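Novice: Here is a sequence with its predicted model. Questions after.
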Amino acid sequence: MSDLFQSAGLESDAPRPLADRLRPQSLDEVVGQDHVLGPDSPLGRMLAQGRLSSIILWGPPGVGKTTIARLLAEASGLEFHPLSAVFSGVADLKKAFEHARGRRAAGKGTLLFVDEIHRFNRAQQDGFLPVVEEGVVTLVGATTENPSFELNAALLSRCQVLVLKRLDEGALELLLQRAEAAEGHELPLLADAREALIAMADGDGRYLLNLAEEVLRLEPEAPLSTPELGKFLQRRAPVYDKDREEHYNLISALHKSVRGSDPDAALYWLARMLGAGEDPLFLARRIVRMANEDIGLADPTAIHAALAAKETYDFLGSPEGELALAQAVVHLACAPKSNAVYVAWKAAQRLAGETGSLMPPAHILNAPTRLMKDQGYGKGYEYDHDAPGGVSGQDYFPDAMKDRPRLYEPKDTGREAAIAERLARWRALREKRRG
């Protein structure tokens, strides 16, 4: 660790943040990641066999990606060469590769750690391929973004992706205990405030230790309560980027909660997204889609509620207009569900693509000219309003289509149950006329 400080221009005895002083010195000191570091885990087996392949560490901030990479280098006897994709370019990569080749020629290995590797563009990512394939470097990339979307398929095929977890309450509590041991006294917090401190970190170990360091400096006359703690500290901002994976994860959770008829969960995910700064009109558009896709004719008022919520938000803005979005979400979550029209539309699109340019039957074609009448246009057409019950039972599919498909099959929920009964009568009438 002293080497790291000297390389940064600091003396080894210079003041250091608590989070840095508590960096694990061995892999068994890393908390919350036993699923990738334990004896039976991927990394555990690699180290036991004396080999380390290139890997991508994917996880949220503050869970130990950099620390794990450094400790892997030590455990494998490799030189630790760190780079940040935020501050490095092609010249830095070439220099790192040349250095690694020189060490390899001397019989020594290099672990090239690339933080925020997803920030390199596709061409830069391709630059890793030959040095990884040749074994010039063992690449350890760290990313907070889904590698499937952000990294080249060719690079992913040469690396094993290991998912690091957000630190749970047990892991965060262990970090607090280590902080107290390092400082020689306990945090001046009541039990509920200690729980609130852990919640403020939102699974980020580094942020928790930074908060703990601030609390340890306070030296209040009596242990702090939760409200008192809130006066001094700020909750960590939720991890959320409106064009990244978390955006899609949360909107998927909202949509599926509505589809699953759980208004409580739906409100929670709506609040999470709005609280993180999501565009309310994006949410309004998605709510309209839910009304069409998942409710449809089971509750025809759902689409009106969704559109009314959008109009209300346009009129009121935030925060008042957000209540209209919440009301629409609850309406949709509590409504009877049917995707029958959605399924029917997809089937109709496939059928239209498969059948080409079949003509409608002649009896339902208009005949504005004598020639068209002579060709049989409109012959035999029956005006449905004049038929008993308002339905003639005529066939409206092309004559060349032998099978009459049933595209729309209403569910037996909500208003579609009554629609199903009517359609059954009308379909029976058409089948009777066809003989």
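Specialist: Looks like it arrived, so ask away. Numbers count the residues shown, from 1 in each chain.
Novice: element containing the spatially most central residue of the chain?
Specialist: The chain has residue 249 as the residue nearest its centroid, 2.5 Å off, counting by Cα atoms, centre = their mean. For residue 249, the host element (DSSP states H and E) is helix 245-259.
Novice: Give me the angle between whichever helix or strand comes after that helix and helix 245-259.
Specialist: Once helix 245-259 ends, the next helix or strand along the chain (criterion: DSSP H and E) is helix 263-275. Angle of helix 263-275 versus helix 245-259, following axes from the mean of the first three to the mean of the last three Cα atoms, to 10 degrees, is 150 degrees.
Novice: Check which helices and strands the following helix or strand past helix 263-275 sits against.
Specialist: Tracing the chain C-terminally past helix 263-275 and defining elements by DSSP H and E, one meets helix 280-290 next. If contacts are counted by 3 or more Cβ pairs under 8 Å, 6 or more residues apart in numbering; DSSP states H and E, helix 280-290 sits against helix 245-259, helix 263-275, helix 301-316, helix 322-334. Any C-beta I mention is one placed from the backbone N, CA and C, and that applies to glycine too.
Novice: Relative to residue 144, how far out is the residue nearest to the centre of the chain?
Specialist: Taking Cβ to Cβ, to the nearest Å as the measure, residue 249 falls 13 Å from residue 144.
Novice: Wait, residue 420 touches residue 412, no?
Specialist: Yes: using Cβ atoms under 8 Å, residue 420 is in contact with residue 412, at 6.3 Å.
Novice: Settle it for me: which of those two has more neighbours?
Specialist: residue 420 (16 against 12; other Cβ atoms under 10 Å).
Novice: which residues touch the more buried one?
Specialist: Contact analysis of residue 420 by Cβ atoms under 8 Å, 6 or more residues apart in numbering lists 409-412.
Novice: Going through the residues you listed, which ones are buried?
Specialist: 410-411 (16 or more other Cβ atoms under 10 Å).
Novice: Strands - which of the contacts of residue 420 land there?
Specialist: Among those, DSSP state E puts none in strands.
Novice: what sits against the closest residue in space to residue 423 that isn't next to it in sequence?
Specialist: Using Cβ to Cβ, 6 or more residues apart in numbering and skipping residues adjacent in sequence, the residue nearest residue 423 is residue 410, 6.6 Å away. Shown in contact with residue 410 (Cβ under 8 Å, 6+ apart): 297, 338, 340, 416-417, 419-420, 423.
Novice: Return the distance of residue 410 relative to residue 289.
Specialist: Residue 410 is 20 Å from residue 289, where distance means Cβ to Cβ.
Novice: swap in residue 212?
Specialist: Distance from residue 212 to residue 289, by Cβ to Cβ: 44 Å.
Novice: Pick out whichever of these two has more residues nearby.
Specialist: Legend: neighbour count by other Cβ under 10 Å for residue 212 and residue 289, higher for residue 212 (28 against 12).
Novice: was I right about that one contacting residue 194?
Specialist: No: judged on Cβ under 8 Å, residue 212 makes no contact with residue 194 at a distance of 9.9 Å.
Novice: got any ranges where the stretch 1-150 of the chain has weak pLDDT?
Specialist: 1-14 (pLDDT under 70).
Novice: And the strands in it, which stretches?
Specialist: 55-58, 79-84, 110-115, 138-143 (DSSP state E, counting those that start in this stretch).
Novice: what's the shortest one in contact with?
Specialist: Contacts made with strand 55-58 from outside it, assessed by Cβ under 8 Å, 6+ apart, are listed as 43, 65, 68-69, 117, 139-147, 151, 156, 159-164.
Novice: Mind checking which of the residues you listed are buried?
Specialist: Buried among those (16+ other Cβ under 10 Å): 43, 65, 68-69, 117, 139-147, 151, 156, 159, 161-162, 164.
Novice: distance between the longest helix seen in the chain and the chain's centre?
Specialist: Secondary structure assigned by DSSP state H gives helix 416-434 as the longest helix of the chain. How far helix 416-434 lies from its chain's middle: 43 Å, per Cα atoms, centre = their mean, to the nearest Å.
Novice: Which positions in that helix come out as buried?
Specialist: Quick answer for helix 416-434 (16+ other Cβ under 10 Å): 416, 419-420, 429-430.
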